[in-house]
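K.L.:
Provided below for reference: sequence and predicted model.
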Amino acid sequence: MREEIIRATKILESGGTILYPTDTIWGLGCDATNYRAVQKIYKIKKRVTRKSFIIILDQPEKILKYVEYVPEIVWDLINSVDTPLTIVYPRAKNLAKNVIAPDKSVAIRIVRDQFCVRMINLFNKPVISTSANLANEVPPLIFSNISKEIIDGVDGVVNVNRDRLNILKPSTIIKLNEDGGYVVLRS
């Protein structure tokens, strides 16, 4: 796994795109602070640019680097759930402009998958995490279901967990309000 983490990190550092296993499903990723790299993901997925992406981090403390304010309830939410949780934060910062939603928010998930945790730790930046499918198609639960078009579109394909069947559904998504409250967007 170590060699794959190093290889994936080098691709990310060069502004490239990767196809990689996450804590939910197979994903497409790139440096979330690199505008051109993010544009490549939009192109690979054939996705409209007004629809933003989730970013993943390896540690909750790093959230503070990418949003202006984190209400106390967030720390309780992150520590109390045992399934993947994505939180949409208002007032994003330090990310590529095409990662931040039109309302200035950003969706962030703290990953637990060991490949992702170690890759993000080595890369030391947030990584885009979007399902490895074309826009409006069903996300693949196993590597063998990923389309050739997606595989051919990325700069690197991670050779870890290709036989693992992901039975987890996509992450729960909670959106924070400016006043510290929240709404569940997807459960």
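P.N.:
Nice, thanks for sending it over.
K.L.:
return the backbone torsion pair for the residue nearest to the spatial centre of the chain.
P.N.:
Residue closest to the average C-alpha location in the chain (Cα atoms, centre = their mean): S129, at 2.3 Å. Backbone torsions for S129, taken as degrees, to the nearest 10, come to phi -130, psi 100.
K.L.:
residues contacting it?
P.N.:
T22, G27, L28, G29, F53, I54, I55, I56, R109, V111 (Cβ atoms under 8 Å, 6 or more residues apart in numbering). To be clear about C-beta, it is placed using only N, CA and C from the backbone, and glycine gets the same treatment.
K.L.:
show me the beta-bridge partners of it.
P.N.:
Beta bridges link S129 to I54, judged by DSSP bridges.
K.L.:
so what pLDDT did it get?
P.N.:
The model reports S129 with a pLDDT of 94.
K.L.:
what about it, distance to M119?
P.N.:
11 Å (Cβ to Cβ, to the nearest Å).
K.L.:
how many residues are close by I120?
P.N.:
26 (other Cβ atoms under 10 Å).
K.L.:
could you measure from Y20 over to V70?
P.N.:
Relative to V70, and taking Cβ to Cβ, Y20 is found at 26 Å.
K.L.:
settle it for me: which of these two has more neighbours?
P.N.:
The neighbour count for Y20 versus V70, taken as other Cβ under 10 Å, is higher for Y20 (28 against 19).
K.L.:
just say helix, strand or coil for the more buried one.
P.N.:
strand (DSSP: H, G, I helix; E, B strand; the rest coil).
K.L.:
which non-adjacent residue is nearest it?
P.N.:
V158 (4.2 Å; Cβ to Cβ, 6 or more residues apart in numbering).
K.L.:
next up, the contacts around the one you found.
P.N.:
Shown in contact with V158 (Cβ under 8 Å, 6+ apart): E4, R7, A8, I18, L19, Y20, P21, F115.
K.L.:
the same query, at a cut-off of 10 Å, please.
P.N.:
1, 4-5, 7-8, 11, 18-21, 26-27, 29, 115-116, 119, 143 (Cβ atoms under 10 Å, 6 or more residues apart in numbering).
K.L.:
mark which of those residues are buried, thanks.
P.N.:
4-5, 7-8, 11, 18-21, 26-27, 29, 115-116, 119, 143 (16 or more other Cβ atoms under 10 Å).
K.L.:
quick one on the thing from earlier: neighbour-wise, which one of the contacts of S129 leads?
P.N.:
Of the contacts of S129, with other Cβ under 10 Å as the count, G29 tops at 32 neighbours.
K.L.:
what about the helices in the protein?
P.N.:
Assigned by DSSP state H, the chain shows helices spanning 2-13, 35-45, 72-80, 114-123, 148-153.
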